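[1] Predicted structure and sequence below. I'll ask about it afterward.
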2 protein chains.
Amino acid sequence: MSRTADRPAQETLLSRALWQVLAEQGLDRLTIRAVAAAAGCTTGLVMHRFPNRRALLLHARHLLHERTKQRMEAREAAAADPRAALRAVLAQSLAVDSDSRTHAVVWLGFLAAAVSDDELAAAHRVHNRAWRDRLIRLVSAVAPDWSTTRVTTAVTALAAMVEGTAVLAAADPAGYPPAAQRAALDATLTAHGLA
Amino acid sequence: MSRTADRPAQETLLSRALWQVLAEQGLDRLTIRAVAAAAGCTTGLVMHRFPNRRALLLHARHLLHERTKQRMEAREAAAADPRAALRAVLAQSLAVDSDSRTHAVVWLGFLAAAVSDDELAAAHRVHNRAWRDRLIRLVSAVAPDWSTTRVTTAVTALAAMVEGTAVLAAADPAGYPPAAQRAALDATLTAHGLA
DNA sequence: TCCCGTTCGTAACGCTCGTTACGAGAACCA
DNA sequence: TGGTTCTCGTAACGAGCGTTACGAACGGGA
């Protein structure tokens, strides 16, 4: 070792810079130079931590997954019963404050990039499958007498509804205020008999 | 006039090339050279029809709107009653065949680009507002006794559900087959009492 | 204290991009 | 038929990108 290398501190510094660039400028402007500028260092350090730009992208995708998982498990654990857990987990996808809005923006960016990038598409499929499995478990707990096809269909509808709300709110925050997003979610849960 | 300039034919040729590049390679790879290659001409012709790349982008955005509008009005006009019209208009947003899938892919690209592009964001807001107004009209026709807040909340939920389904299917076609998308839509309409 | 390995800033290379300038060629008018 | 004008292909420029190479700075072992 030499030259004061504080690895963990640099990791978090670069991850924060990565997230910031991604939220403010979008996926296609996630350049080595932009990350270096946001982190207050030079491209040399960035390239010393990541072999190439692609690794930077995949690390950002990993960060997105980590943050999503953390938030979801915290919400589910804090819920009193399955109904509250289902609503909390679904509401976590909405874009209702600064954090969740940037989260939705970053997610939208990776979703759009996945259509012409096999690796990102594969990552999306894995995480989306896990997300659906979680919802299936929760819906089954709330409505134990439903058939599996009814459960999966309801989960598809619920997942699509919250993700759709999130991306629409990401692109038009003023048109989708938090109250409207929550009202739409509550109306959907009530309509499906899951409220 | 000189040198055999068939304007309308070139317009459609370039529009088709534009759409093809957009569907196959995504918004960020929509370059002058890529469009010229897809159209089988040189960059000179493209730059003679469009002043710059931005005009190309905005024309593509306009194309997206035109195609959406055409498909929606045809479906609504062909419906027997308001319920059928509502379902048809919502189902038009799903990604169930080759055309609607590329449509969803292109729409997803512009949506993601809108978060860091004021002009595209404004265009998105205008068209999304018109889309919501159409849904409000149809839902009001199906459920005339609903309050306006109930109608707008239901419309938000319905719009988010179909757009969410479309973008999820665009990113993971195998995970969201046409039957699953239609089943989710039908379940949602039934749950809301609008089937 | 001297040397060495690690760390990271600096600068360059090649590539692709948008954009511009210029010239060749075809239609049209005289 | 010669000149003019519009059309469009060709080629170049500068900017920004990912990536690489190199060298300076710094801490630790001898």
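    Perfect, I can see it now.
[2] so who does A:Val46 touch?
    For A:Val46, the contact set (C-beta atoms under 8 Å, 6 or more residues apart in numbering or on different chains) comprises A:Leu14, A:Ile32, A:Val35, A:Ala36, A:Ala39, A:Leu56. No exception for glycine: its C-beta is placed from N, CA and C like everyone else's.
[3] next one: phi and psi at A:Ala174?
    Dihedral pair for A:Ala174: phi -70, psi -30, per degrees, to the nearest 10.
[4] Distance of it relative to B:Asp133?
    Distance from A:Ala174 to B:Asp133, counting by C-beta to C-beta, to the nearest Å: 17 Å.
[5] likewise A:Thr12?
    Taking C-beta to C-beta, one finds A:Thr12 at 46 Å from B:Asp133.
[6] Which of A:Ala174 and B:Asp133 has more residues huddled nearby?
    B:Asp133 (11 against 7; other C-beta atoms under 10 Å in any protein chain shown).
[7] confidence score at the more buried one?
    pLDDT, B:Asp133: 98.
[8] quick one, phi/psi of it?
    Per degrees, to the nearest 10, the backbone of B:Asp133 is at phi -60, psi -40.
[9] Check A:Ala130 and give its pLDDT.
    In this prediction, A:Ala130 carries a pLDDT score of 97.
[10] can you give me phi and psi for the residue in chain A positioned nearest to chain B?
    Closest approach of chain A to chain B (C-beta to the nearest C-beta) occurs at A:Gly164, with a separation of 2.6 Å. Here is the backbone geometry of A:Gly164 (degrees, to the nearest 10): phi -60, psi -40.
[11] ok so, going back, would you mind listing which of the contacts of A:Val46 are buried?
    Among the contacts of A:Val46, the ones that count as buried by 16 or more other C-beta atoms under 10 Å in any protein chain shown are A:Leu14, A:Ile32, A:Val35, A:Ala36, A:Ala39, A:Leu56.
[12] Helix or strand: which one has the fourth one?
    Secondary structure from DSSP states H and E places A:Ala36 in helix A:32-39.
[13] Just after that helix, pick out the following helix or strand.
    Following helix A:32-39 toward the C-terminus (DSSP H and E): helix A:43-49.
[14] Quickly check: the helix or strand just after that following helix near DNA strand C or not.
    For helix A:43-49, the following helix or strand on the C-terminal side (DSSP H and E) is helix A:53-78. No: residues of helix A:53-78 are not located near DNA strand C by C-beta under 7 Å from any atom of the strand, the shortest gap being 11.4 Å.
[15] Now do whichever helix or strand comes after helix A:53-78: distance to the chain's middle.
    Per DSSP H and E, the first helix or strand lying C-terminal to helix A:53-78 is helix A:82-91. Centre-to-centre, helix A:82-91 and its host chain are 16 Å apart (C-alpha atoms, centre = their mean, to the nearest Å).
[16] Then stretch A:150-166?
    Centre to centre, stretch against its chain (C-alpha atoms, centre = their mean), the figure for stretch A:150-166 is 15 Å.
[17] CA atoms only for it, dumped as CSV, please.
    Extracted C-alpha coordinates of stretch A:150-166, given in CSV (Å, rounded to 0.1, in the frame of the first residue of the first chain):
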residue,chain,number,x,y,z
ARG,A,150,-55.9,-15.3,-10.4
VAL,A,151,-52.9,-14.4,-8.1
THR,A,152,-50.5,-14.1,-11.0
THR,A,153,-52.8,-12.0,-13.0
ALA,A,154,-53.5,-9.7,-10.2
VAL,A,155,-49.8,-9.4,-9.5
THR,A,156,-49.1,-8.5,-13.2
ALA,A,157,-51.8,-5.8,-13.0
LEU,A,158,-50.5,-4.5,-9.7
ALA,A,159,-46.9,-4.4,-10.7
ALA,A,160,-47.7,-2.8,-14.0
MET,A,161,-49.8,-0.2,-12.3
VAL,A,162,-47.2,1.0,-9.8
GLU,A,163,-44.3,0.8,-12.4
GLY,A,164,-46.5,2.7,-14.9
THR,A,165,-47.3,5.3,-12.3
ALA,A,166,-43.6,5.6,-11.4
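[18] quick one on the thing from earlier: and the residue lying closest to the residue of chain A closest to chain B once chain neighbours are set aside, how many neighbours does it have?
    Excluding its sequence neighbours, the residue lying closest to A:Gly164 (C-beta to C-beta, 6 or more residues apart in numbering or on different chains) is B:Gly164, at 2.6 Å. Close neighbours of B:Gly164, defined as other C-beta under 10 Å, add up to 26.
[19] anything in the helix holding A:Ala36 sitting right up against chain B?
    No: using C-beta under 8 Å from any C-beta of the partner chain, helix A:32-39 never reaches chain B; the gap is at least 12.4 Å.
[20] by contact count, what packs against that helix?
    helix A:7-25, helix A:43-49, helix A:53-78 (3 or more C-beta pairs under 8 Å, 6 or more residues apart in numbering or on different chains; DSSP states H and E).
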